[in-house]
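Participant: Structure for this input, please:
(chains A and B)
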Amino acid sequence: MTMHDTLTRQLLAALDALGGAPDGFRPEFEIPANPEHGDLSTNAAMQLARHFRRSPRHIADSIAEHMKTDPDLVAGVEVAGAGFINFRFADRWLHTRLGHLLSEGSTYGRTRHGAGKRALVEFVSANPTGPLTVGHGRNAVLGDTVATLLEWTGYDVTREYYFNDAGRQMRVLGESVRARYEACARPDMPTKTIDGVTVPGSFPDDGYLGHYIADIAEKLFEEHGARLLDEKSSDIFKQAAEKAIFAGIEATLNRLGIRMDSYFNERTLYDSGAIWDIVDALRQKNLAYDKDGAVWFRTTEFGKEQDTVLVKSSGEPTYRLPDIGYHVNKIERGFDRIVDIFGADHIATFPDVLSGVEALGHDTSKISVLIYQFVTLVRSGEPVKMSTRKATYVTLDELMDEVGEDVTRFFFLMRSANTHLEFDLDLAREASEKNPVFYLQYAHARIASILRKADETGLRSDGQAELSLLTHPAETSLIKQLLGFPEAVHMAAELTEPQKLATWLRDTATSFSKFYGECRIIGQEEALATARLQLASATRIVLHNGLTVLGISAPDSM
RNA sequence: GCGCCCGUAGCUCAACCGGAUAGAGCAGCGGUCUUCUAAACCGCAGGUUGCAGGUUCGAGUCCUGCCGGGCGCGCCA
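Facilitator: The predicted structure is shown next:
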């Protein structure tokens, strides 16, 4: 039983003296910002003031007086402020929990909130028209970390990548490759200029200008010579491009430590007829109708200003229709929790998708959407406008080359997804030494170093230690911090806000640094040294596990 | 014009779905290495939480209206 549960039960029992708690009442606990306010605090008395028609202070006093707390768990119950009830943990409880932490080791922080449930996290989902950019990086890192967070809270998680290799974008891609290929075969062919880039005369005006297109074309020319010039369709070029680009995307994701469990091709939904079933079902509910040769979705029924086209007059669906089908598919696959990671540009479209899913009789409460604001790159003080087609982007690979994989991941995780991220490339490159990620890694490396040194001096770093010797303020506050790890992971997962864990880990490193500064280990009397070594070891476990959740390495030396 | 997001220290950002004295890092100033990693630690300074109202025991957090920035508002994705 957790401390929360125990205190909840005891508090509810104490309310009997006032006539009993109202039905369904659950006290809320929080960790006070100010340590003087104890280790855990509840505002229950304030919330109950109306119900009991007594002052919060009076109720709090009564609760404090009647609560039967276990002295091994709680050392003090105090009423403060407007009616807060503050609990102070007993050292003995802290030491017991620290012992548990040490024996759990690399699994410490995992909980079972989602045990037996399956979650699907869909992220990246970039169509294979070019290398991943910095913008995709934020999506990728957020999605992967949310997935890991859910795994740590007990979910069985599937990481999925949704893509579309049909459609106009990909046709243009194929034609772009074909034009470059033609130039390889006929070096004397005329050229033209698009957006300042010299391209073959047959190059589509809205073609993809990136250098990778020419690379793909050259490789085709090396393999096939000029034979492909006679190809009627550009399919072979499209397919070669898709294959090469996807391989590149996978390689980039691998560098970031990201492995997808499944790739879902939008075409599946066409082949199975699923999208047409949806149109029929919506028609039957009078939520879809024909106008101007197109099929419209009555989104005005769901509070939108205008209806939305589902099927163009050409007979081709817009992306919204397969999107609805895809989400229905996710639900039908039996996931208990479905998370989408979207850029801010999708903010207005996903409500349509949810409306569609709901109209078809599915429970959309399982679906949650994490929206992240855009990344603005700044280079030499100037914002860089990015376009995949124009090739005026900075790729994720280039970013990692400049600042490293760990810094890249941490940079995307250290801030709330909801805030606009300004990424100054020059600064990231020069100032990488000051990056907060090094602060965390340094603390971990420092502990590893201490453990090595302790080993050399023959100090036991395993086995029995008198943890009750850990009573220095720097020690107890570090222990309290470490014991909050499972809850920090759970909260970050529940809110799908990895940034919460990043912030929490920083606090942990700070707490350790204080301990390190005030409490020597090696050279102390043996029992105390051993106990402190165990505390350092526990900190290492937490930092290691926390960095692992964020997908960042925990080096033993720096 | 409409919808959504953001506005907190000089800069970049926190603040646990309304709680107690709004916190870190960087930049600035001043201290700390003959002892476990100084990529660190300690101290000082820095604020009318964009503005104006409202809701209540209590508002950075919720509501309304302005101001400023971003993203959308297609038979593109």
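Participant: The closest residue in space to residue A:166 that isn't next to it in sequence: what's it in contact with?
Facilitator: Once flanking residues are discounted, residue A:166 sits nearest to residue A:267: 5.7 Å by Cβ to Cβ, 6 or more residues apart in numbering. Just so you know, the C-beta spots here come from the backbone N, C-alpha and C atoms, and that holds for glycine as well. Residue A:267 is in contact with A:164-166, counting by Cβ atoms under 8 Å, 6 or more residues apart in numbering.
Participant: Likewise for residue A:90?
Facilitator: Residue A:90 is in contact with A:71-75, counting by Cβ under 8 Å, 6+ apart.
Participant: what do you get if the cut-off is 6 Å, keeping everything else the same?
Facilitator: Applying Cβ atoms under 6 Å, 6 or more residues apart in numbering, we find residue A:90 in contact with A:72-75.
Participant: what do you get for residue A:522?
Facilitator: When contacts are counted by Cβ under 6 Å, 6+ apart, residue A:522 touches residue A:457.
Participant: and it, that one's in a helix?
Facilitator: No: going by DSSP: H, G, I helix; E, B strand; the rest coil, the assignment for residue A:522 is coil, not a helix.
Participant: mind putting the contacts of residue A:267 in JSON lines, pLDDT, distance to residue A:501 and secondary structure included?
Facilitator: What follows is those, written out as JSON lines (pLDDT from 0 to 100; distance: Cβ to Cβ, whole Å; DSSP: H, G, I helix; E, B strand; the rest coil):
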{"residue": "A:164", "pLDDT": "89", "distance to residue A:501": "33", "secondary structure": "coil"}
{"residue": "A:165", "pLDDT": "87", "distance to residue A:501": "35", "secondary structure": "coil"}
{"residue": "A:166", "pLDDT": "81", "distance to residue A:501": "39", "secondary structure": "coil"}
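Participant: Turn these into TSV, columns for distance to residue A:196.
Facilitator: Shown next, in TSV, are those (distance: Cβ to Cβ, whole Å):
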residue	distance to residue A:196
A:164	30
A:165	29
A:166	31
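Participant: Of those, grab the buried ones for ChimeraX.
Facilitator: Selection of buried members from the contacts of residue A:267 for ChimeraX, criterion 16 or more other Cβ atoms under 10 Å:
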select /A:164,165
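Participant: I'd like the contacts of residue A:267 written out as JSON lines, with distance to RNA strand B added.
Facilitator: Output for those, formatted as JSON lines (distance: Cβ to the nearest atom of the strand, whole Å):
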{"residue": "A:164", "distance to RNA strand B": "5"}
{"residue": "A:165", "distance to RNA strand B": "10"}
{"residue": "A:166", "distance to RNA strand B": "9"}
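Participant: on that earlier part again, from the contacts of residue A:90, which is closest to residue A:184?
Facilitator: Checking the contacts of residue A:90 against residue A:184 by Cβ to Cβ gives residue A:73 as the nearest, at 75.4 Å.
Participant: so that closest one sits right up against residue A:95, yeah?
Facilitator: No: between residue A:73 and residue A:95 there is no contact under Cβ atoms under 6 Å: 11.8 Å.
Participant: ok, now how distant is residue A:9 from RNA strand B?
Facilitator: Distance, residue A:9 to RNA strand B, by Cβ to the nearest atom of the strand, to the nearest Å: 20 Å.
Participant: er, residue A:467 I mean
Facilitator: Separation of residue A:467 from RNA strand B (Cβ to the nearest atom of the strand) stands at 17 Å.
Participant: so who does that residue touch?
Facilitator: With contacts defined as Cβ under 6 Å, 6+ apart, residue A:467 is in contact with A:95, A:98, A:531.
Participant: Of the contacts of residue A:90, which count as buried by neighbour count?
Facilitator: For those, a neighbour count by 16+ other Cβ under 10 Å gives the buried set as A:73-75.
Participant: Any stretches of chain A with poor pLDDT?
Facilitator: The model of chain A has pLDDT under 70 over residues A:1, A:379-383, A:385-392, A:430-433, A:461-463.
Participant: Regarding it, what is its longest helix?
Facilitator: Identified as the longest helix of chain A according to DSSP state H is helix A:526-550.
Participant: Give me the buried positions along that helix.
Facilitator: Neighbour counts over helix A:526-550 (16+ other Cβ under 10 Å) mark A:528-550 as buried.
Participant: Next, count neighbours for residue A:294.
Facilitator: Residues lying near residue A:294 (other Cβ atoms under 10 Å) number 15.
Participant: my guess is it meets residue A:313, correct?
Facilitator: Yes: assessed by Cβ under 6 Å, residue A:294 is found in contact with residue A:313 at 4.7 Å.
Participant: if we can go back for a sec, how close does the residue nearest to residue A:166 sit to RNA strand B?
Facilitator: As judged by Cβ to the nearest atom of the strand, residue A:267 and RNA strand B stand 12 Å apart.
Participant: just to revisit the earlier point, any chance of the contacts of residue A:467 in a markdown table, plus distance to RNA strand B?
Facilitator: Below are those laid out as a markdown table (distance: Cβ to the nearest atom of the strand, whole Å):
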| residue | distance to RNA strand B |
| --- | --- |
| A:95 | 20 |
| A:98 | 18 |
| A:531 | 13 |
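Participant: Could I get the contacting residues of residue A:347?
Facilitator: Contacts for residue A:347 (Cβ under 6 Å, 6+ apart) come out as residue A:371.
Participant: How about the secondary structure of the closest residue to residue A:21 other than its chain neighbours?
Facilitator: Distances taken as Cβ to Cβ, 6+ apart place residue A:15 nearest to residue A:21, at 4.4 Å, with adjacent residues excluded. Using three-state DSSP as the criterion, the local structure at residue A:15 reads helix.
Participant: Can you give me the neighbour number for residue A:401?
Facilitator: Using other Cβ under 10 Å, residue A:401 has 13 other residues around it.
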